[in-house]
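A.B. asks: 3D, please:
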Amino acid sequence: MGGATVNHKKLFDMLRKLRLKMKRNALFIKGGSGIGKSEAVEDEAIDYSKTINREFIRWNEMSTEQRETLLAPDSNLDKVHVWVDMRMADKQATDLLGMPDFTKGRFVEWKPRLLFAVLSDPRCSATLFFDEFNLSQKTVQSASYQTILDRCVGDVTLSKDVFIVAAGNRIEDNKTVIESAPPLNNRFYHVTLMVPTADEWIDYNMSSDFPEPRLWGFLKAKEEYIHNYKANQKEEAFSTPRRLQFLAEDLKGVTDDDKATIELYSVSGCGPNFGELFLTYLDMAKKVDVDAILEKPETVVPYLKEPDLRYSILTTISYKCKRDNEKTPKALVVAEFLSDEDAVFLVRLLGESVGKKAILRAIRSGTSWEKIGPKVEPIMSTWERA
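C.D. replies: Residues are numbered from 1 along each chain as shown. Purely as a prediction, here's the structure:
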């Protein structure tokens, strides 16, 4: 397969370095289905737009009239960064090359698509993302040779601040992958994106609009369900980082008591094995008197040996603190009896449930800092810098 293997953080760093060096620095990202390849590229593009003080806009969400307006001399093209997501699996060569124009007298000229007319404007800053690249037809891949290497589309040359990225599945993940030819491969840098760890996915979900602590604890205990796809499997539903984020959205506002809804979304989205284990996980802490643990935090110790039960209890503690903030100091005492890793996890849960600023104040004051400060300093430093 070749190329380097990177996690999401390293991919972000590589995208930024290649973008800033630009010339002939196209990147091809391969990886399993649903692990966040396109999201990683888009996140970097959004961040880049902020660094250059431009508004981030999505080409696919614009009307034809809005797109045409960008070419006007007095348009705001010099104030925006354009995100172009081209799904190459259903494209034809003419989607890149344009169409021949026979109205120019004795010679035939190629009329570029509106997209490439915009991307060739010197004012344009953009990310051109060829998704599902190795599911595209050979003719489409051939049409991209010049675009990838020389940053040209026919007679049109792309603006200096147009960054090209491609992505696709690995052959072992998708039988319909069409291997690209060596000359085309040689035009790219190649990386394989790793499946995120539970902590990496939790970090992503925590900063999203749909944080779901119940999934955090479950995935800490059952990390294999971050990406539960097996080659040649017959099950249609399986868990991936992307599907887990969808599940987090679906569970917003759904309480633990609504088992029917939780089962519906988790089984239909992530598969029956996932759904059964997730429901079992949610029920685990109900077998333990969590309120008694909060009153006598040292009693948590006997439950720490079994990961599923341990994380279920910690998640339940955070929910109890969300409903009653007065329980938070007692929850922090529980952290004294946890390993450093689990203490950080509980504090992260409490930060989501009660609020990061409130948890920072609680830990920095009184005896909490003396007892758990050194354990949770990494997450506290991150919050204070944010």
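A.B. asks: number of nearby residues for residue 359?
C.D. replies: Residues within reach of residue 359, counting by other C-beta atoms under 10 Å, total 26. C-beta: built from backbone N, CA, C; applies to glycine.
A.B. asks: Quick check, it in contact with residue 331.
C.D. replies: No: using C-beta atoms under 8 Å, residue 359 is not in contact with residue 331, being 9.4 Å away.
A.B. asks: joint contacts of these two?
C.D. replies: Residues touching both residue 359 and residue 331 (C-beta atoms under 8 Å, 6 or more residues apart in numbering) are residue 350.
A.B. asks: can you pull the pLDDT of the residue nearest to residue 3 when sequence neighbours are not counted?
C.D. replies: Nearest residue to residue 3 in three dimensions, chain neighbours excluded: residue 190, at 3.0 Å (C-beta to C-beta, 6 or more residues apart in numbering). Turning to residue 190, the model gives it a pLDDT of 91.
A.B. asks: Am I right that residue 190 is in a helix?
C.D. replies: No: Residue 190 is assigned strand when assessed by DSSP: H, G, I helix; E, B strand; the rest coil, not a helix.
A.B. asks: From here on, call the first residue 41.
C.D. replies: Sure thing, new numbering starts at 41, so read that last one as residue 230.
A.B. asks: how about the strands in the chain?
C.D. replies: For the chain, applying DSSP state E gives strands covering 44-46, 67-70, 95-98, 120-127, 139-141, 149-151, 165-171, 192-193, 196-197, 201-208, 229-233.
A.B. asks: Please dump those strands into TSV; it should also carry distance to residue 246 for every row.
C.D. replies: Output for the strands of the chain, formatted as TSV (distance: least, C-beta to C-beta, whole Å):
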stretch	distance to residue 246
strand 44-46	22
strand 67-70	24
strand 95-98	22
strand 120-127	24
strand 139-141	47
strand 149-151	48
strand 165-171	25
strand 192-193	40
strand 196-197	42
strand 201-208	24
strand 229-233	20
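A.B. asks: Would you mind giving those as CSV with distance to residue 337 and mean neighbour count added?
C.D. replies: Output for the strands of the chain, formatted as CSV (distance: least, C-beta to C-beta, whole Å; neighbours: other C-beta atoms under 10 Å):
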stretch, distance to residue 337, mean neighbour count
strand 44-46, 41, 14
strand 67-70, 45, 23
strand 95-98, 46, 14
strand 120-127, 48, 20
strand 139-141, 71, 11
strand 149-151, 72, 15
strand 165-171, 49, 23
strand 192-193, 64, 19
strand 196-197, 66, 16
strand 201-208, 47, 24
strand 229-233, 41, 18
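A.B. asks: of all these, which lies closest to residue 343?
C.D. replies: Between residue 343 and the strands of the chain, the shortest separation by C-beta to C-beta is 36.2 Å, and it involves strand 229-233.
A.B. asks: which neighbours does that closest one have in its sheet, and in what orientation?
C.D. replies: Paired with strand 229-233 in the same sheet, following DSSP bridges, are strand 44-46 (parallel), strand 67-70 (parallel).
A.B. asks: quick check: mean pLDDT across the shortest one?
C.D. replies: So that's strand 44-46. pLDDT averaged over strand 44-46 gives 93.
A.B. asks: Please apply the same query to the last one.
C.D. replies: On average, the pLDDT along strand 67-70 is 93.
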